[in-house]
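S.K.: can't give you the sequence, but here's the structure:
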Ligand SMILES: [Zn+2]
């Protein structure tokens with residue numbers, strides 16, 4: 001891909017290669033080596049991305065949500081190292097490495113990833129999409145299993161876990177739909193109608209059915 005500074009680049013795990021023509025002049029070939037995340041760091045990076053469905057939606061559109069960045073910081077995951085911590089650099093100019101072209105390429109790469117190119121930063125760190133998404137799904141399944149295990153324990157402790165509080169349940173349902181309105185459909189949703197519209201209908205008919213059942217029961221007793 002090419003950006004408006006006339007830089008063309010190719011990104012593979014651990015390596016950023018660029019063809020850079022400063023001021024439209026003679027092109028230099030710059031190659032930067034970036035340490036890939038180790039296995040534990042990949043797990044942490046995927047774990048942070050799995051913490052909310054909307055993170056995946058934003059990542060897929062090429063953006064890094066601020067909140068996800070904070071969660072990565074909390075897990076000690078650095079998306080990209082600073083220039084002086086790159087593993088190595090080379091350039092077709094004859095200056096001492098790292099040269100000014102290498103530095104420019106790195107600066108432009110930062111700019112590029114902040115404009116919808118975030119998945120290339122993951123790729124550079126050794127987590128291309130074909131590895132990132134399965135790992136995120138696995139992390140989400142792990143978290144769901146942990147929650148279910150917790151719920152199983154508490155329901156055996158409580159002999160009557162079933163309760164229906166129409167007002168409170170409706171409030172929660174409305175929160176979910178307003179979040180969907182704000183953040184958009186989750187990545188798995190591929191129907192033409194927005195998910196929140198479908199859910200609104202489901203909630204309404206469920207509330208009607210519940211009201212009907214309650215009034216029938218009330219009538220019989
Ligand atoms: Zn150079």
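M.R.: Thanks, I have the structure now. Just so it is clear, the model here is predicted, and its values are computed rather than measured.
S.K.: ok, now which ones touch the closest residue to residue 10 other than its chain neighbours?
M.R.: With Cβ to Cβ, 6 or more residues apart in numbering as the criterion, residue 10 has its nearest non-adjacent residue at 4.6 Å, and that residue is residue 17. Every residue, glycine included, has its C-beta placed from N, CA and C. By Cβ atoms under 8 Å, 6 or more residues apart in numbering, the contact list for residue 17 reads 9-11, 29-32.
S.K.: ok, those vs residue 145, which is closest?
M.R.: residue 11 (34.0 Å; Cβ to Cβ).
S.K.: wait, a helix at the closest one?
M.R.: No: counting by DSSP: H, G, I helix; E, B strand; the rest coil, residue 11 is not found in a helix; it is strand.
S.K.: what sits against it?
M.R.: Taking Cβ under 8 Å, 6+ apart, we find residue 11 in contact with 17, 120, 123-124.
S.K.: any chance of those residues in CSV, plus secondary structure?
M.R.: Converted to CSV, those look like this (three-state DSSP):
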residue, secondary structure
17, strand
120, helix
123, helix
124, helix
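S.K.: ok, and the most crowded of these?
M.R.: In terms of neighbour count, residue 124 stands highest of the contacts of residue 11 at 25 neighbours, by other Cβ atoms under 10 Å.
S.K.: Provide the backbone phi and psi angles at residue 28.
M.R.: Torsion angles at residue 28 (phi, psi; degrees, to the nearest 10) stand at phi -110, psi 150.
S.K.: same question for residue 188.
M.R.: Residue torsions, per degrees, to the nearest 10, at residue 188 are phi -80, psi -10.
S.K.: quick check: it vs residue 57, distance?
M.R.: 10 Å (Cβ to Cβ, to the nearest Å).
S.K.: of the two, who's got more company?
M.R.: More crowded of residue 188 and residue 57, by other Cβ under 10 Å: residue 57, with 18 against 9.
S.K.: any stretches of the chain with poor pLDDT?
M.R.: 1-5, 151-169, 217-221 (pLDDT under 70).
S.K.: quick revisit: please spell out the ChimeraX selection for the buried subset of the contacts of residue 17.
M.R.: The following ChimeraX line selects those of the contacts of residue 17 that are buried, judged by 16 or more other Cβ atoms under 10 Å:
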select :9,11,30,31,32
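S.K.: for the contacts of residue 17, which one is nearest the ion?
M.R.: residue 30 (6.3 Å; Cβ to the ion).
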